Each structure stands twice: as C-alpha cells, then as structure tokens.
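Participant: I'll drop the sequence and a predicted model, then ask my questions.
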Amino acid sequence: MTSEELRNVLKALLVDELGTYSLASGSVPAIAIRYSGDIVAKQQTSGLEVVIRAQPESAPGYLYGGVQRKRTWQLYLVQRDGKLTLRAAVEKIEAHFVGARSVPIGVEKNLGIREQVSIRIPDFQDFSEFST
C-alpha cells in the first residue's frame, strides 16, 4: 500500500468525520500526507484532521513459507473542535485495518491543546517469490 492509497481509504472511511482545511483557493478535506520537517502551508483547520507520515517504518519479518517485510504506517488524528472526540474515527480505523493500534497523545485540557491520537497500521509486503 502506498501513502496515497492509504489516504484514499481513510478519506472514504472517515467521510462523515473529516474536517476541512480552509485555503485561499477554497476548502478541502483535512487529510494530509507529510514528510518529517514539512512546512505546513498557511491554512485554517476545523474538525478532525488526519496526518499520514509519508514513509512507513520498515522491518524484516519471517513467516512460514516466505519472507515478509513489515511496514508500519503512522497516522496522527487531531480533533480541532473541542466539542467533539476522536472516538468514532479511531473505532472505524481499528475495525477496518487488522492490527491497527491507537495511543492517545497526552494533552493538558486546560492549556487549549487539542485531543490527539497516534495510530499505527501494519502493512505486510510479501517477498516470498524472491526467496530461495
């Protein structure tokens, strides 16, 4: 799976939850693929924002009959509307992606920091046809 494919699946899965990015050229769903260190364009975000790390983490794994490379995608969900929670979005993602795990990011509610969750989604790639 590529980051674009993951974005498209999440965009369809979270169609009722996704917030919006308001840009000078108009509004778009608040879901983005970002590289570490990316500078975010000037935008206003409302509702649920989903940020996907552009590159998955990668580690070798071995299964009976072949070698697989385990890749793990990392997402960040931020709820920019203080009246809403991330619960429905997290439940949908964990139900859709086998092995997905969420970890709340600790925030101090009285400081105005938004509710945030990190989600890791495993993605196995089969390389058994290349093994000897």
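Facilitator: Everything's here; your move.

Participant: C-alpha only now, for contacts and for neighbours.
Facilitator: Fine.

Participant: Counting neighbours, what do you get for residue 11?
Facilitator: Using other CA atoms under 10 Å, the number of residues around residue 11 comes to 18.

Participant: That one touches residue 30, doesn't it?
Facilitator: No. Counting by CA atoms under 8 Å, residue 11 sits too far from residue 30 to count as a contact (9.1 Å).

Participant: pull the helix or strand with minimum mean pLDDT from this structure.
Facilitator: Across the helices and strands of the chain, mean pLDDT, DSSP states H and E gives its lowest value to strand 57-63, namely a mean of 69.

Participant: Next one: residue 58 from residue 73, what distance?
Facilitator: Residue 58 sits 9 Å away from residue 73, going by CA to CA, to the nearest Å.

Participant: Does residue 103 touch residue 121 like I think?
Facilitator: No. Counting by CA under 8 Å, residue 121 is not a contact partner of residue 103; they are 11.8 Å apart.

Participant: More neighbours: which of these two?
Facilitator: residue 121 (20 against 12).

Participant: Helix or strand: which one has that one?
Facilitator: Assigned by DSSP states H and E, residue 121 belongs to strand 115-126.

Participant: Before I go, just wanted to say thanks for your time.
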